[in-house]
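Colleague: Predicted coordinates and the sequence they were generated for:
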Amino acid sequence: MGEKNMAGGLRLERVTQKIVKVEAQGPGAATLFFESAIDVRPGQFLMVTDYEGGERPISVSWADGELLAITVKNMGPFSGRLCAKKPGDFLSLRGPFGTPFTPVPGHALLVGGGCGIAPLHLLARELVSRGGAVTVVNGARVSADLILGGWFRGLGLDYRETSEDAGERLTSVALAERILSKEKIACVYAAGPELMMDALRKILKNLPYQFSFERYMKCGVGICGSCACDPTGIRICVEGPVLCREQVEKLTDFGVYKRDATGARIHFRRQPAT
Amino acid sequence: MGEKNMAGGLRLERVTQKIVKVEAQGPGAATLFFESAIDVRPGQFLMVTDYEGGERPISVSWADGELLAITVKNMGPFSGRLCAKKPGDFLSLRGPFGTPFTPVPGHALLVGGGCGIAPLHLLARELVSRGGAVTVVNGARVSADLILGGWFRGLGLDYRETSEDAGERLTSVALAERILSKEKIACVYAAGPELMMDALRKILKNLPYQFSFERYMKCGVGICGSCACDPTGIRICVEGPVLCREQVEKLTDFGVYKRDATGARIHFRRQPAT
Amino acid sequence: MVSLRTRFLGRELSSPLVLPAGILGMSYGSLRFACDAGFGLVTSKSLSLEPRRGHEGPIVARFGGGIINSLGLCNPGIAAGLKEVDEFSAVSGSPVMVSVFAVNRGDFEELVRRACDSSAAFIELNLSCPNVMDEFGIPLAASKELVADIVEGAKKASRLPVIAKLSPNALELPAIARAAQEAGADALSLINTLGPGLLIDTAVRRPILAPCFGGISGPAVFPLALKLVYECTGRVSIPVIGMGGVSTGDEAVQMFMAGASLVGVGTAVWLSGAGVVAEIAKGIWEYLEREGFSSVMNLPKLERGNG
Amino acid sequence: MVSLRTRFLGRELSSPLVLPAGILGMSYGSLRFACDAGFGLVTSKSLSLEPRRGHEGPIVARFGGGIINSLGLCNPGIAAGLKEVDEFSAVSGSPVMVSVFAVNRGDFEELVRRACDSSAAFIELNLSCPNVMDEFGIPLAASKELVADIVEGAKKASRLPVIAKLSPNALELPAIARAAQEAGADALSLINTLGPGLLIDTAVRRPILAPCFGGISGPAVFPLALKLVYECTGRVSIPVIGMGGVSTGDEAVQMFMAGASLVGVGTAVWLSGAGVVAEIAKGIWEYLEREGFSSVMNLPKLERGNG
């Protein structure tokens, strides 16, 4: 079922394979490893299902040509089931899909909120291997939800954690702002809740940035329209999930609303009565 | 509609294109030229139709990477229509299909009967370009039906014509036998009426040979079964049209019967009453 | 001068290529995306009276001939859906076809009435989605009588042209097409997805799609779609939007020759990317230029035998 | 020990792969060729009372999802055809299924009687060729009553097991399958080619196939075939030969899981060469080995919902 993607790398329409290793990430998240040589760029995602109800886009957190991993946070029935998987259980994967982060020379600042930190690990590995300076901000509401810290520490980069109950006790955006005031950052790479990214963009002035978006997806391949953003219909599954500053600035829905399975708008903040 | 064939050359599922040049070959045959870069090996054929009734396998007589030609003898309504085509008329071609002749080092003897001489021209060009000695026997019942003589003479090889009313006034098989008695031939390549090839094989003793077969074909691609030979079902359109000595010796129908459009056996010679 | 501009039911279209219902079309952004990709007419998702979440995933799977899918008619409902259409129309001059979906004449009429209060240019009746049969039984489009009844009701309720979208899963499609015309349909869309079909994940011995079956589309259905368009245009005088597996300019030209007035392109947007719309348009344009036709409206139709 | 040997209607077969009617099978040589390629059961061309030349070419054309073809049931007639079968059986221990084709019960009975005097192991009734509709109207297999009537007649005339080959072009195929079983059919072959379909040569604006339309086969029809096999095996208790677009071992395994007892492979012989039969067999064998099954007879079937 393999085929070549446009970059010439191996792409899998669908592969159903056994989980070979599970690493718990604190109480509410897990990393699931597979034996897979598929060629994933940092930021790209897989459509994942266990055939028990639902299929979701999940970013790849590890890919070294032999092992591939996804990191999942328990946020509901689907991700809860995934977090409870054991080695030997099957998952069905297709992809990788979507646009990757594009490494920019110079000091990189990576800002991850919650599970958004997962794709940033793959990016951090690549940036480090290219020899650039890398600072990572890993934020969560409570420290128990901070994940993948060990992986980042192992990369020998400038790694900071923050949560309401530990570390710098700042929001990840506030911590990023403090770093930006001291360091000459060439590009900011962020992944996490959309409101976090919305807050982040407001402090970035003229800095280049690349944000990875999470929106509801049904097909993952650009035809169902579920993840199309307003006003130009850019599809998070094809033109995204990673959008650069020029693309983000054109969005009218960013930080305002997303869409649910019906296509109805779900506002991030309560709307004033009209 | 192009795709690569197994040898990596361009193969056309179907191309409908204009005839760019017509060369009359005496009163009853014509060569039709197309602009085409398809990669044809000597002995391979195209399935040809003008959409006016019928599609037939026709060997390629010329292919130089820019022009491609088929040579057709007027033997009935279909080939009659083809012989009457003018430049600008469309024909639809698919292929090339089937096995080519395999050049063998040493002095080559090519024996063509009727329109069978057409694929042998492509072969002769290749053998000459490889620098081997080549003798060609071009036979027909009457000299008016001898075709492509000019092409062969232009190749600078040992070219002989024979018919009942001109040249050596022998059958092509008798002329071949005379040549075989004088020259040390490494391999005999023949194409023409099956009874000619049947007579030829009987005089070849232990010489290697390659014969190109003509059988009724519907599909040209190995599924309809029309051109399957007995007893092993070798398909003239896929395993043929060129069969080597080892393959020919296994046939039980060679020179005995062929099959018509219904699949019924058509005996070449009257059968004794049973 | 060669041009891809064409006319359809009194409207001028910039291209004869149509975004079919169900592909993109969920929001004003996705309508605009389709428009920017080169479609001359874009269709909304099939809108129902109430919002529908559609099926849980997986809802799409590939196979050697294309894809199967079972989105399950997810849509935000007629009210929110028409707001998206109006928002699109406020910034675009391109006409929108609003697709509506119900299971009885009364609901279709209600949907049509509401769509007539929007900026829609045309209304398409989705009579043929194969993916909700468990819910709704055999597609309406399999019955001549039901098709005629619903089309008649929709026409009475509508100030806009009404297009009936029919199913390939009926031996008597030409008769059903005829019945739709006689009931007043202004045009037909042919064909909806085929089947549905099934694909199994042998590693876990489960159907790949969560809803088990999914409608078949992509290159697989092209010759069937072409034949049905050819047959049906021989039986009706109203225009037909031909769709089903069209992925190249040559296939679009085949659709016009088979009798289609416009050509839909859906699954190719996945299999070849959104750029395929411009590619197909370019292929049509080059054919017109090479063969000396000024417009797809002048393309000769395939001759008809005594069939 | 993993083995591909299997049993079908009381006969032992060396492989569960079947050469379907219409592919090769015209002469004893081509039956032997198919057998040597790895088929465990080979089917003759559909034989009629009189020889048929079939259609003038072109009779096949490729498209993105497979091929369309309209051979037109060419065959040497029942007398000469059975001689080929007997000649094959004289040199091979492999069973042959003789396919027969007629347009009424009486002729089917006559064909069945004559086939029973040959070395045939099984008789298949071709009720579903879509390529001779101009000649014979809608395929017999579209009518429950006609299918039941012909199967009943054939069974009365036959000492051999009778297999009914049905058409995918009927919304009510499961009901027709059920009717065939109730009329006495020993097994079913599902599915014949789809459609038919149409392809147009735009350079000359003519249908590519001389008979205009051709039955659709190849990867295009696989999900539809799989779904129909799954549905029909839920309605009948007799074995089903599943066919339609199978090109890989995994697809063959899907067919078994959908409920098929044997699997036919036809168009893949063109698209991937005769070696595809051995490839598919290898794929099935590897699946059995990897998953710990000794035979395709032990493969678990897909679970059935409340459908």
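Modeller: Good, I have the coordinates.
Colleague: Low-confidence regions, the stretch 1-150 of chain C specifically.
Modeller: Low-confidence segments of the stretch 1-150 of chain C (pLDDT under 70): C:129-138.
Colleague: can you give me the strands in it?
Modeller: C:6-8, C:11-13, C:17-19, C:41-43, C:60-63, C:66-69, C:96-100, C:122-126 (DSSP state E, counting those that start in this stretch).
Colleague: any idea which of those strands is most buried?
Modeller: Mean neighbour count (mean count of other C-beta atoms under 10 Å in any protein chain shown) peaks for strand C:66-69 among those, with a mean of 30. Every residue, glycine included, has its C-beta placed from N, CA and C.
Colleague: How about it and chain A, touching?
Modeller: Yes - judged by C-beta under 8 Å from any C-beta of the partner chain, strand C:66-69 comes into contact with chain A at C:Asn69.
Colleague: contacting residues around that strand?
Modeller: The contact list for strand C:66-69, computed with C-beta atoms under 8 Å, 6 or more residues apart in numbering or on different chains, reads A:219, A:223, C:59-61, C:131, C:193, C:195-199, C:209, C:213-221, C:245, C:267, C:270-271, D:65, D:220, D:223.
Colleague: Relative to B:Val72, which of the strands of the stretch 1-150 of chain C is closest?
Modeller: Closest approach to B:Val72 among the strands of the stretch 1-150 of chain C (C-beta to C-beta): strand C:66-69, 39.5 Å.
Colleague: which SS state does A:Asp230 fall under?
Modeller: coil (DSSP: H, G, I helix; E, B strand; the rest coil).
Colleague: again with C:Ile280
Modeller: helix.
Colleague: And the residue of the stretch 51-200 of chain C found nearest chain B, how close does it get to chain A?
Modeller: Nearest to chain B in the stretch 51-200 of chain C, going by C-beta to the nearest C-beta, is C:Gly64, at a distance of 15.2 Å. Distance, C:Gly64 to chain A, by C-beta to the nearest C-beta, to the nearest Å: 10 Å.
Colleague: Let me know whether that residue touches C:Leu271 as I believe.
Modeller: No - if you go by C-beta atoms under 8 Å, C:Gly64 and C:Leu271 don't touch, sitting 11.7 Å apart.
Colleague: Have a look at those two and say which one is more surrounded.
Modeller: Neighbours per residue (other C-beta atoms under 10 Å in any protein chain shown) separate C:Gly64 from C:Leu271, with C:Gly64 holding more: 21 against 18.
Colleague: OK, contacts around the more buried one?
Modeller: D:Gly65, D:Gly218, D:Pro219, D:Ala220, D:Phe222, D:Gly245, D:Ser247.
Colleague: State the phi and psi torsions of it.
Modeller: phi -60, psi -20 (degrees, to the nearest 10).
Colleague: repeat for A:Trp62
Modeller: phi -150, psi 140.
Colleague: Okay, and the beta partners of it?
Modeller: Note on A:Trp62: beta-bridge partners by DSSP bridges are A:Ala69.
Colleague: Name the residues of the stretch 201-307 of chain C found near chain D, please.
Modeller: So the stretch 201-307 of chain C meets chain D at C:202, C:205-207, C:212-214, C:216, C:218-224, C:226-227, C:230, C:245, C:247, C:250, C:253-254, C:257-258, C:287, C:300, C:302-303, C:305, C:307 (C-beta under 8 Å from any C-beta).
Colleague: Now the residue in the stretch 51-200 of chain A that chain C sits nearest to: closest residue in space, sequence neighbours ignored.
Modeller: The stretch 51-200 of chain A approaches chain C most closely through A:Glu55 (3.1 Å), counting by C-beta to the nearest C-beta. The spatially closest residue to A:Glu55, leaving aside those adjacent along the chain, is C:Gly57, at 3.1 Å (C-beta to C-beta, 6 or more residues apart in numbering or on different chains).
Colleague: ok, that neighbour - contacts?
Modeller: Contacts of C:Gly57 (C-beta under 8 Å, 6+ apart): A:Met47, A:Thr49, A:Gly54, A:Glu55, A:Arg56, A:Lys218, C:Ala210.
Colleague: so how far is A:Gly233 from it?
Modeller: 21 Å (C-beta to C-beta, to the nearest Å).
Colleague: For C:Leu49, give me its contacts.
Modeller: Contacts of C:Leu49 by C-beta under 8 Å, 6+ apart are C:Gly77, C:Ile78, C:Ala102, C:Asp107, C:Glu110, C:Leu111.
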